[in-house]
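K.L.:
Just the structure for this:
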Amino acid sequence: MSVLNNKLAALVLLSASTVGFSGQAVAEDYQKLLNMCIACHGVDGSNDFASIPNLKGQNVQYMVVQLKNFKAEKRHDKTMSKVAKLLTEKQMQAMAEYFNTGKEQD
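P.N.:
From the prediction side, this is the model:
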């Protein structure tokens, strides 16, 4: 398991324990959401497409605000607006933290 996946797993288990959910079920949900993000943005947040922003090492708070803006339709993108509507604030935070740690994978 990569360092990034280990960090995400730790975050998921901590989140699950604080709200009383099954760790495995929550981890599976986060992994599905993460896979959706990785499909475009890349495993560590970097990709080869000029039209898709690199998220590797991006500021966590900035990413959360942008996801909230997509969800609230204050920022528009055909794909991201749909994706953001699927995310809770906790999930936005977890995804932002995951991609922020991409800076450690140079």
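
K.L.:
Correct me if wrong: G57 contacts A96.
P.N.:
No: with contact defined as C-beta atoms under 8 Å, G57 does not count as touching A96 (11.3 Å). To be clear about C-beta, it is placed using only N, CA and C from the backbone, and glycine gets the same treatment.

K.L.:
tell me the centre residue of the protein?
P.N.:
Residue closest to the mean C-alpha point of the chain, counted by C-alpha atoms, centre = their mean, is M95 at 1.9 Å.

K.L.:
What residues does the closest residue to it other than its chain neighbours make contact with?
P.N.:
Excluding the flanking residues, the one nearest M95 by C-beta to C-beta, 6 or more residues apart in numbering is C37, at 5.8 Å. C37 makes contact with L55, V83, M95, F99, according to C-beta atoms under 8 Å, 6 or more residues apart in numbering.

K.L.:
and the gap between the first one and E28?
P.N.:
What it means is L55. Using C-beta to C-beta, to the nearest Å, one gets 22 Å for the distance from L55 to E28.

K.L.:
Between those two, tell me which one has more neighbours.
P.N.:
Shown here are L55 and E28; by other C-beta atoms under 10 Å, L55 has more neighbours (23 against 12).

K.L.:
per-residue pLDDT, the more buried one?
P.N.:
Looking at L55, its pLDDT is 95.

K.L.:
returning to what we had before: rebuild the contacts of C37 as a markdown table, extending it with distance to R75 and secondary structure.
P.N.:
Compiled in a markdown table, the contacts of C37 are given as follows (distance: C-beta to C-beta, whole Å; DSSP: H, G, I helix; E, B strand; the rest coil):
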| residue | distance to R75 | secondary structure |
| --- | --- | --- |
| L55 | 15 | coil |
| V83 | 12 | helix |
| M95 | 16 | helix |
| F99 | 17 | helix |
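
K.L.:
how about the helices in this protein?
P.N.:
Shown for the chain, the helices assigned by DSSP state H span residues 3-19, 23-41, 60-71, 78-85, 89-100.
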